[in-house]
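S.K.: missing the sequence, but the structure's below:
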């Protein structure tokens with residue numbers, strides 16, 4: 001992987017991690033469409049590690065919320081009132097929502113890695129993302145704010161995040177759609193989606209570092225990884241800001257159409273052998 005490829009993939013990761021169109025799908029399909037011959041042993045570590053760049057973006061963007069949550073969680077534990085404030089309660093709900101994806105990631109690691117090698121599988125998963133977005137827009141009441149979130153809501157949204165381990169199922173799309181299916185409004189569902197991404201993305205990043213350290217040509221690959229990391233962090237920060245503003249006014253339907261279109265193009269390319 002060269003610098004230009006890493007830079008392009010970093011931009012794509014930064015844009016698509018938070019938009020509900022599947023960053024993993026784009027990281028698989030971009031080399032496929034351009035005919036890039038990236039070594040298999042580099043693909044999965046790079047894809048995971050540029051996610052760490054977007055992890056930095058979400059931490060920086062929500063730094064005040066995260067500091068308040070962390071402070072209140074610690075305060076609640078010290079005073080034996082873990083749910084004493086709305087922020088500490090939100091912190092524990094984020095932990096709960098992270099459990100399904102964490103467990104699925106451990107059990108399905110090999111299956112998920114294999115899925116990254118098949119553009120055709122990615123296309124079908126993109127259709128699944130489009131379906132989730134369409135269902136959320138047409139069946140959710142969108143009359144609840146983040147303060148009304150309960151443990152059952154968090155667990156349900158967590159199962160949505162577990163689905164997104166597979167390339168083509170958008171993490172933000174699945175979690176926002178899951179939140180909206182529990183009648184959260186779009187901004188509340190998006191905000192919780194971004195906050196709950198932090199534990200899972202951090203865990204995935206650790207796994208990616210382990211895989212990266214096993215590469216025989218690590219010294220040659222590391223500069224490209226750093227390029228992708230920095231690019232994804234900067235673009236990811238801008239994407240969060242844009243999407244929160246967009247969802248305050250508009251629906252998820254354009255993203256569903258985009259996912260269907262990309263899936264159709266991918267299937268055509270795959271069947272035609274292009």
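M.R.: Happy to help now that I have it. Remember, it's a predicted structure, so these values are computed and weren't measured experimentally.
S.K.: now the end-to-end length of stretch 16-31.
M.R.: With Cα to Cα, to the nearest Å applied, stretch 16-31 spans 15 Å between its terminal residues.
S.K.: average model confidence for it?
M.R.: Per-residue pLDDT values across stretch 16-31 average out to 87.
S.K.: thought residue 168 was touching residue 130?
M.R.: No. Taking Cβ atoms under 8 Å as the contact criterion, residue 168 and residue 130 are not neighbours in contact, 10.0 Å apart. (Each C-beta comes from the backbone N, C-alpha and C, glycine too.)
S.K.: which residues are common contacts for those two?
M.R.: Taking Cβ atoms under 8 Å, 6 or more residues apart in numbering as the contact definition, residue 168 and residue 130 share the neighbouring residues residue 263.
S.K.: the more surrounded of those two?
M.R.: Shown here are residue 168 and residue 130; by other Cβ atoms under 10 Å, residue 168 has more neighbours (29 against 25).
S.K.: Surely the more buried one is in a strand?
M.R.: No. For residue 168, which was evaluated using DSSP: H, G, I helix; E, B strand; the rest coil, the result is coil, with no strand membership.
S.K.: mind checking pLDDT for the residue lying closest to it once chain neighbours are set aside?
M.R.: Of all residues not flanking residue 168 in the chain, residue 125 sits nearest, at 2.5 Å (Cβ to Cβ, 6 or more residues apart in numbering). Per-residue pLDDT puts residue 125 at 90.
S.K.: same check, this time on residue 219
M.R.: What the model reports for residue 219 is a pLDDT of 68.
S.K.: Might one say that residue 32 is in contact with residue 119?
M.R.: Yes. Residue 32 is in contact with residue 119 according to Cβ under 8 Å; the separation is 4.7 Å.
S.K.: quick one: which of these two has more around it?
M.R.: Neighbour count, other Cβ under 10 Å: between residue 32 and residue 119, residue 119 has more, with 19 against 16.
S.K.: close enough to count as contact, that one and residue 28?
M.R.: Yes. Using Cβ under 8 Å, residue 119 and residue 28 qualify as a contacting pair, with a distance of 6.2 Å.
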